[in-house]
Structures are given as C-alpha cells and as structure tokens.
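Student: here are the coordinates; sequence isn't available:
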C-alpha cells in the first residue's frame, strides 16, 4: 500500500451489513496484473453516514498530530465604516451608549446596531438587517438572525425602557421646555392589546396605537416616549405623563403643547403638580373668547407688530379658576395667575379666508349636483348654509351670513396660555420650536419604518418602538446639526449619510486598523458635527 496514492472508497455487504473500505490498487510483478489491497475503515449507518472503526480513527488522529508547516494565513476584513463612525461618536456625545449599557448590559451592542441600521438604511424592513450587518462595521459585529432580533425585542423590559429615558432626561432637562405631542400608528394585528380604533392622524381606515413623544426644545432631542391604546385621546394622555414624571425624576417640568391637550382638568393638574406650561387653546374657548374680542380693538396697532414672526400680539395677566380637592375630598376654588397671549397673523388670515370661501363654494356645488359630501363639507353645510328642496323649485340654498361673518372675523387669531412666560414674543418663539416634534414624527414614520406596525405581539411591538426611539435620537441629532450648519443646502439626510458610508475600514490580524481615503467634503461634514474623521484617530 503506497501512502502517496489516493484510495478509491468502496462498500461491501457482508452478512447484511454494508462495510466501507479503501481500495488501494497496485501492480503485481509476479502475476503481471493489477491486484487490490482493502483497508476497512467502518460501516454505513441507517442514514448512509460513515461509522468509522477504531483503526480508522487512530489513523486520522495520527495524521492530524503530524507537525505541519506554520501557515502564513491571517484574518482580514473590509467593511463600510464612515457613517457608523459618525453614529459611534453621537452615541458617546449623547450618552446613549453609556445609558444603554447600564440599562441593558447583555444586549446594548445589538440594540445600537439595530438603531444604526434603521438610521442608515432609512425605511428598510428589519428582516434585511443581517445582510446589512455583513457589509458594515457596527457595535455588535455579529450577524444576528431574525429570530434573535425578535427575542431581544421581547426581552426589553418596561423598567429598562423607563430607566433609559430617565437617564437621558437627566442629561439635558435642567432649563429647557419640553415639546409634547402624539401620533397614531396603524396596525393590522389582532393580537396587540393596544390596537384600537380611534381618531387616526394619517386618515387610515385601520385600528391604531398612539405614541406620545417628549422633546427637549434646546437640545432638539427626544427624552421620553409612551405607547398608548389607539382610542386614548390627547386630553387623557396628560394624566399618564404626569404619573410617569415621578419615576423619571423630572423635578421641574416645562411642557409645550398644542390645543388638542387643552382641558380645564389638565391645566388644574399642571398647577397642582407645580409644573410650568405653554399651551395653545381655541379662540372660541369660554375662558379666552372674551379676551380675544377685547384684543381686537387694539391688536392691529403697529406698536403691537413683531416683524420677525410677522404677527400682531397683545398679552395680559388673568386669573385662572383653579379647582382641586382637599384632603377631605372637598372641592376647593382658588384663582391662579395665568398669562394670555393673543396673536393675529394677517397673511395667514387671508389665506385661510380664501380656503374657507373655496370650500364653501365647493360644498354648495356638490349640494346642487346632489353629490355625496365629506364629513368636513357636511359640517360647513350645517353651520353656514340653509338648504331647501321642493318638487317645483328644486334645491334652493341660502347663506347664514351672520355665522359666516363671525367665522371670517375670527380667522387669523390664535391664543397661547402660560403660567410662566410673560412676554408674548418669547412665548411664540418657544411655541414655534414645537414643530420639531412634528418633524420627529415624520422621521419616525417615513424614515424609521413606522407608518404601520408589522409585528404581531405586545412584547415585540414594545421592543420595536424602543429601537425606533433610539434611532430617533440619532436622526434628531443629525437633523439639528445639519440645520444649524446649513447642510441641507447641499444634502438630504440620506445623501449625507451615504457620502460617509462609502468610507471603508480595513482590519488585519496583528496590524492596527485603518480606513480608506477621506475627501475634503467628507472631512468638512465630520467637522460640522464636531467629530474627528476616522483616519485621524
């Protein structure tokens, strides 16, 4: 048997057992013919696998134990790194990495990796994460399976989520006002308890869940969120927020809210907890309607005009009829000071008057043509038109002129209430920063794959919302720096991230990692974020 020859593996059945042997052919000089040496190495199992015998195993071990020349093969990898490097630095600057590690020590790297993926791949579905992870440098540096991702989502605890929000809020909430708003997220799932039919803000004819979000106005970063049943109204959500404040350890809350959150009970609750607020209210509200009528006499004087915001304004200090229960359950009444800021925007007024006139004319035309009306058009009909129909004269339409004139006279006015801000211009400036929350919801729905939930359990939904909240912190940070540095003149957020993403990182065993070439434009982008380019580390 020659050791350098490759044998032919054959089988032979002996007494019903299929044995496996190696056939070593050789030339016999005496008989001048080919002969064969058989070396049995085992037998075949029921599934056709080799069951080796002792001799074969010993021979294999002896072969493995032979000293082989040391291989010069070394491990090497090449991954996209430039955009991940930016997110790495943001995670350090915002404290996201540190807080995640403290709250989720076993999964923080994976959570960061999933958040990176949502930021960099825009609205890509989560199941494509493993493919992205293969080509990109990210905190976890693992190719997590879809099953593993779902398991981690389900393991995100309520206490861990709230502790993370608490740590983040303590980093940037000493003085700034917090913008507060809600959005609806549609869902097809029948297994998520929070899914209910409600007033859907995207006008989807689907059940939904609501998401409340709190943003710091100066930092432009989210600090807290809450998922609520879809049939919970904005007015009711404030009560839940105030219950969470004690856990979050926010001592002096300053909220900015739109008029959907206004109610006498909510204002009383904010006074009772000694929190500051700035809130919009409808002009026909009983508390402010008289003050709006009074303001109309002088508000359009030029001395009341603010050129920066293009509005007229009048402010006054009034008395809010605060009521609360004493320790015996008796209702107590006590006036509290409140600042009422009335504004008039002439440009917006003319635009709204034109829209109202067109909508009323459209409603009238549909009525004459006996076409179906929308809910809004039905409201216009009931408030401003008198419609009669007779067999002879057909449809006749008259206008409720007094109601129309009253509505026209109210257009262009809006009101803000605050228990802290005396100056009307300062109040308006703070309130207008609230549009960052609406922008954040746009980012959540359009960029972070959140228009509709595609998960089918409460635990997975909670985990997905948390990962999207993490991604929102990064997106909001990027948005603020792009806005502050006028980067939107030359980039969209996606194009900016893509321009960095092409920078590659090379890792070689035993050699310090390094990155590919970085252009001046890429270096300038890093500079706008206060980040050192990776090749200069």
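Tutor: That came through, no problem. Everything numeric here is computed off the predicted structure, so don't read it as measured data.
Student: any weak-confidence spans in the stretch 251-400 of the chain?
Tutor: Applying pLDDT under 70 to the stretch 251-400 of the chain flags the ranges 251.
Student: which parts of it are helices?
Tutor: 264-272, 289-295, 346-368, 375-384 (DSSP state H, counting those that start in this stretch).
Student: in the shortest one, what's buried?
Tutor: Right, helix 289-295. For helix 289-295, the neighbour count (16 or more other CB atoms under 10 Å) marks 291, 292, 295 as buried. Every residue, glycine included, has its C-beta placed from N, CA and C.
Student: still on that earlier bit, TSV for the helices of the stretch 251-400 of the chain, including distance to residue 318?
Tutor: Output for these, formatted as TSV (distance: least, CB to CB, whole Å):
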stretch	distance to residue 318
helix 264-272	12
helix 289-295	7
helix 346-368	24
helix 375-384	29
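Student: out of the ones you listed, which comes closest to residue 20?
Tutor: helix 375-384 (79.6 Å; CB to CB).
Student: angle of the closest one against helix 346-368?
Tutor: Calculated by axes from the mean of the first three to the mean of the last three CA atoms, to 10 degrees, helix 375-384 forms an angle of 90 degrees with helix 346-368.
Student: show me how this structure divides into domains.
Tutor: The chain breaks down by automatic domain parsing into domains covering 8-63, 348-410.
Student: out of those domains, flag the one nearest residue 490.
Tutor: Here domain 348-410 is closest among the domains of the chain (CB to CB), at 31.1 Å.
Student: helices of the stretch 51-200 of the chain, residue ranges please.
Tutor: 54-65, 82-93, 96-103, 108-120, 129-135, 146-155, 158-171.
Student: can you tell me what sits against the last one?
Tutor: Applying CB atoms under 8 Å, 6 or more residues apart in numbering, the set of residues contacting helix 158-171 from outside is 94-96, 99-100, 102-104, 221, 223-225, 244, 247-250, 462, 466, 473.
Student: quick check on these: which are buried?
Tutor: Listed as buried from the contacts of helix 158-171 are 94-96, 99-100, 103-104, 221, 223-225, 244, 248, 250, 462, 466, 473; burial here means 16+ other CB under 10 Å.
Student: how many neighbours does residue 219 have?
Tutor: The number of residues packed near residue 219 is 18, by other CB atoms under 10 Å.
Student: measure it to residue 89 for me?
Tutor: Applying CB to CB, to the nearest Å, one obtains 16 Å for the distance of residue 219 from residue 89.
Student: what does residue 361 give?
Tutor: Noted for residue 361: a distance of 56 Å to residue 89, by CB to CB.
Student: more neighbours: which of those two?
Tutor: residue 89 (16 against 10).
Student: my guess is that one meets residue 529, correct?
Tutor: Yes. Between residue 89 and residue 529 there is a contact under CB atoms under 8 Å: 7.2 Å.
Student: name the residues of the one helix or strand residue 41 maps to that are buried.
Tutor: Residue 41 is located in strand 33-44, with elements delineated by DSSP states H and E. By 16+ other CB under 10 Å, the buried positions in strand 33-44 come out as 41, 42, 43.
Student: in contact with the second one, which residues?
Tutor: Shown in contact with residue 42 (CB under 8 Å, 6+ apart): 19, 20, 50, 51, 52, 53, 56.
Student: make a ChimeraX selection of the buried ones in these.
Tutor: Buried residues among those (16+ other CB under 10 Å), as a ChimeraX selection:
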select :19,20,56
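Student: okay, and which of the contacts of residue 42 map to strands?
Tutor: Among these, the members falling in strands (DSSP state E) are 19, 20, 50, 51, 52.
Student: now the two most distant members of those.
Tutor: Going by CB to CB, the pair spanning the ones in strands among the contacts of residue 42 furthest: 19 and 52, at 11.6 Å.
Student: hang on, the earlier thing: now, which of the contacts of residue 42 sits nearest residue 418?
Tutor: Here the nearest of the contacts of residue 42 to residue 418, counting by CB to CB, is residue 50; it sits at 82.1 Å.
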